[in-house]
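A.B. asks: Return atomic coordinates for the entry below.
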Amino acid sequence: MLKPEPGIRPYLGVVIVSVIAWLAFTLPDHPAAIGWSAFARLPLEWPLLILLLLVVPRVLRKPTAVLGGLLLLTILFLKIADIGTKSAFERPFNPYLDAKMLVDGWNLMSGTVGTLAALTGVVAAIFGLVLVLAVFLIAARWLAAMPRPARSWLMISLAALMLIGGLASFIGTPRVEARIPSYLSARLALIVRSVEDMHVFETALAKGEGPRAGAGLFSRVENKDVVFLFIESYGRSALEDPRYADTTRPRLTSIQAEIERAGLVSASAWTTSPTVGGLSWLAHGTLLSGLWIDSQARYDRLMISSQPSLNRLFSEAGWKSVAAMPAITMDWPEAAYYGYRQILAAADLDYRGKPFNWVTMPDQYTLSAFERLGREPARAAGEKVMAEIALISSHAPWTPVATLVDWADVGDGTIFNPQAESGDPPSVVWADPERVRRQYIQTIDYSLETLGSYMGRFGNDTVFVILGDHQPATIITGPNASRAVPIHVVSADRELVESFEAQGFTAGMLPGAETREWRMDEMRQVLIDRFSAP
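C.D. replies: Numbers count the residues shown, from 1 in each chain. Next up is the predicted model:
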């Protein structure tokens, strides 16, 4: 691998170990902090590591080097994982909670850049980490073989540097620090808190939240279908960020006029999602269970609990509970928790068109298929429907962008093939962050336009609850964005909609800046109360 002259190997070992250690100790854990200035500081762990490799007895050199290499590898892995999770979800990587999401991460990555490119990236990352470890171990062995005069001088220099650096750090000198102990202890504390949180959640599950059975509920909407629609990545930023408001606000105003012509009225508010950037199922679980589901561990525990979902309550009250889930392409055992009577996953929706990259089908087809396969058979059987529908056209990678067609022409979805083959691939779009943002809001606009047209055409005797699942990633919102998403209630029953206004909703499709904001778990009871009030 490396075959320099024996005489220079110890000195080259010092350089290589220093470079790897410096990178690991100074690499930022947040994408916004990455830059040359981030590495222009003195990590006190660097001289300590080299000094340790020099002073240990010969018999302990190899295990010390292995432990040191594994430590550096762990730090690099955690920081790279932090960069990824903070970019996507605005939070640090949590080994206890996030290990189960590797499959979901692979599905998203392969759907965005392609299976071959994703596999190449994963293999390259693993090879890179293994290569770093191998190079470090070789360099550490060379360093330990440094001849005595130079070894003594290097040890004295490193000890002096640590002493001076420690004093400088103590008095607060900028760019001289020892961050790694606190970084690793914070990660350990995060894992401990996560374990403790699961005990808290167990208590909440044992106590339960809201009604335990559906009998006698929802009398206010007893003769209506109730349709819950989650719009992917439809967050507060889409309405209030100046980069997007000029598109979204006129669209919502247009929708309001369109549904009013169809005899429908609306009210809107804000609700806080438990997630951001992804993990839509956490938002679904939160709203439908009435419990705060902000981690995969909580979600997994909810799935085997007796806490009744809102879907199950409607089913027990006499509605046919339907799920239309175009993103579900594999087995979905979690569906048992929700208590659906009919599940329309991707294969069940009978889409014959081409996918829009990761997006299996456009929203208009999902809604059209739901009408044909879910509502029409139920109405023919004299049944009311309570539906949960995921609209995914506004899911990353936001290319290509679908457009609305005549509802009569939707058919089996092949009409969308020219749209699915249009536009640039994700690799081109994502090379330009401004283009990513433009295409994001175009997909949101498409989803909203489709919904407005759908409600105007199919909204008779229906109550619609429309909300975002979460805010998009920080590449769209910027850092520290609100976690709130819009929620809209639409119905021909004016008194029902006005009852939401009495609770703090704003009339119309545009929630105001001061409109009330509920947590998403609290919103479940608001809906139950309004739908059950006499």
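A.B. asks: contacts and neighbour counts: CA atoms only from here.
C.D. replies: OK.
A.B. asks: Can you show me the strands along the stretch 51-200 of the chain?
C.D. replies: Using DSSP state E, counting those that start in this stretch, the strands of the stretch 51-200 of the chain run over 176-177.
A.B. asks: which residues touch the nearest residue to residue 241 once chain neighbours are set aside?
C.D. replies: With sequence-adjacent residues excluded and distances taken as C-alpha to C-alpha, 6 or more residues apart in numbering, residue 241 is closest to residue 477, at 7.8 Å. With contact set as C-alpha atoms under 8 Å, 6 or more residues apart in numbering, residue 477 has these partners: 237, 241, 471.
A.B. asks: By neighbour count, which of those residues wins?
C.D. replies: residue 471 (28 neighbours; other C-alpha atoms under 10 Å).
A.B. asks: got the contact list for the residue nearest to that one when sequence neighbours are not counted?
C.D. replies: Counting by C-alpha to C-alpha, 6+ apart, residue 235 is the residue found nearest to residue 471 once chain neighbours are left out, at 4.2 Å. Applying C-alpha under 8 Å, 6+ apart to residue 235 gives the contacts 468, 469, 470, 471, 472, 483, 484, 485, 486.
A.B. asks: Pick out whichever of those sits closest to residue 81.
C.D. replies: When these are compared for distance to residue 81 (C-alpha to C-alpha), residue 472 wins out at 18.7 Å.
A.B. asks: since we're on the residue lying closest to that closest one once chain neighbours are set aside, how many residues are nearby?
C.D. replies: Counting by C-alpha to C-alpha, 6+ apart, residue 472 lies nearest to residue 277, which is 4.3 Å off, once chain neighbours are set aside. Using other C-alpha under 10 Å, residue 277 is surrounded by 26 other residues.
A.B. asks: repeat for residue 408
C.D. replies: Counted with other C-alpha under 10 Å, residue 408 comes out at 7.
A.B. asks: Wasn't it part of a helix?
C.D. replies: Yes: counting by DSSP: H, G, I helix; E, B strand; the rest coil, residue 408 is part of a helix.
A.B. asks: Sketch out the low-pLDDT regions of the stretch 101-250 of the chain for me.
C.D. replies: The stretch 101-250 of the chain contains residues with pLDDT under 70 at 101-114, 117-118.
A.B. asks: Next, residue 223: phi, psi?
C.D. replies: The phi/psi pair for residue 223 (degrees, to the nearest 10) reads phi -110, psi 20.
A.B. asks: number of nearby residues for it?
C.D. replies: 14.
A.B. asks: about what we covered before: go ahead and confirm the residue nearest to residue 472 touches residue 475.
C.D. replies: No: applying C-alpha atoms under 8 Å as the test, residue 277 and residue 475 come out as separate, 9.5 Å apart.
A.B. asks: What distance do you get for residue 148 to residue 10?
C.D. replies: Applying C-alpha to C-alpha, to the nearest Å, the value for residue 148 to residue 10 is 11 Å.
A.B. asks: if you count what's nearby, which of these two comes out ahead?
C.D. replies: When residue 148 and residue 10 are compared for neighbours, residue 10 comes out ahead with 22 against 9, by other C-alpha under 10 Å.
A.B. asks: Please, which helix or strand holds that one?
C.D. replies: helix 9-26 (DSSP states H and E).
A.B. asks: ok, the helix or strand following that helix: who's next to it in the sheet?
C.D. replies: Remark: after helix 9-26, the chain's next helix or strand is strand 42-43, criterion DSSP H and E. Here strand 42-43 is paired, per DSSP bridges, with strand 176-177 (parallel).
A.B. asks: so how far is the partner strand from its chain's centroid?
C.D. replies: Relative to its chain's centre, strand 176-177 lies at 34 Å (C-alpha atoms, centre = their mean, to the nearest Å).
A.B. asks: How about residues contacting that strand?
C.D. replies: 41, 42, 43, 44, 165, 166, 168, 169.
A.B. asks: Just give the number of residues close to the last one.
C.D. replies: If I follow you right, that is residue 169. 18.
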